[in-house]
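In: what follows is a predicted protein model with its sequence.
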Amino acid sequence: MRIPIGLGVAAVVLLLAGAARADTIPGDVELGAGLYDRCLACHSPARNRTGPKHCGVMDRTAGTLAGYRYSESMRESGIVWTAETLDAFLEAPRKFMPGTKMTYAGVPDPTDRVDLIAYLATLREDAEACR
């Protein structure tokens, strides 16, 4: 089967855009790493705890990480974790997704959320923190 050249080029552009995404998310990664300390009571970059691990969270479909028991609402949400969806979720988790197991009230400051998301974007599966 031959793929029309226009579709092939479009697919490559989309793949490259996705690969570059983590490097283009605004925010201060160092400040975000400090803010992530708040998350460590329940989460870890590299392993599941009370909450799921965060390595590879960007562009992952919510509720799909193997080895973690998600709420039904998370599993059935169909949400993909992007800067935009994480921002909305982190602002008020239970308002964004009623039924979530996450009991944390949220991160009210928009700048803190941007910085935290910039840090989360660095947690690719091959990152040092993920080993």
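Out: Received it, and whenever you're ready, just let me know what you need. Numbering: from 1, shown residues only.
In: quick one: name whatever helix or strand follows the helix or strand of the chain with the lowest mean pLDDT.
Out: The helix or strand of the chain with the poorest confidence is helix 5-24; it has a mean of 43 (mean pLDDT, DSSP states H and E). Toward the C-terminus, helix 5-24 is succeeded by helix 29-36 as the next helix or strand (DSSP states H and E).
In: helices or strands up against that following helix?
Out: Other helices and strands packing on helix 29-36, by 3 or more CB pairs under 8 Å, 6 or more residues apart in numbering; DSSP states H and E, are helix 110-122. The C-beta positions use only the backbone N, C-alpha and C, and glycine is treated the same way.
In: who's in contact with His43?
Out: Listed by CB atoms under 8 Å, 6 or more residues apart in numbering, the contact partners of His43 are Arg49, Thr50, Gly51, Pro52, Lys53, His54.
In: now for the last one, how many residues are close by?
Out: Applying the criterion other CB atoms under 10 Å, we find 23 residues in the vicinity of His54.
In: thinking it is in contact with Thr122, fair?
Out: No: judged on CB atoms under 8 Å, His54 makes no contact with Thr122 at a distance of 10.1 Å.
In: re the thing from before, and the contacts of His43 as JSON lines, adding distance to Tyr70?
Out: Listed next are the contacts of His43 as JSON lines, based on distance: CB to CB, whole Å:
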{"residue": "Arg49", "distance to Tyr70": "14"}
{"residue": "Thr50", "distance to Tyr70": "12"}
{"residue": "Gly51", "distance to Tyr70": "10"}
{"residue": "Pro52", "distance to Tyr70": "7"}
{"residue": "Lys53", "distance to Tyr70": "12"}
{"residue": "His54", "distance to Tyr70": "14"}
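In: next, give me the two most distant ones among these.
Out: Comparing every pair within the contacts of His43 by CB to CB identifies Thr50 and His54 as the most remote, at 12.7 Å.
In: in this structure, where is pLDDT below threshold?
Out: 1-23 (pLDDT under 70).
In: please identify the helix or strand for Ala105.
Out: With elements delineated by DSSP H and E, Ala105 resides in a region that no helix or strand encompasses.
In: now do the contacts for it.
Out: Ala92, Pro93.
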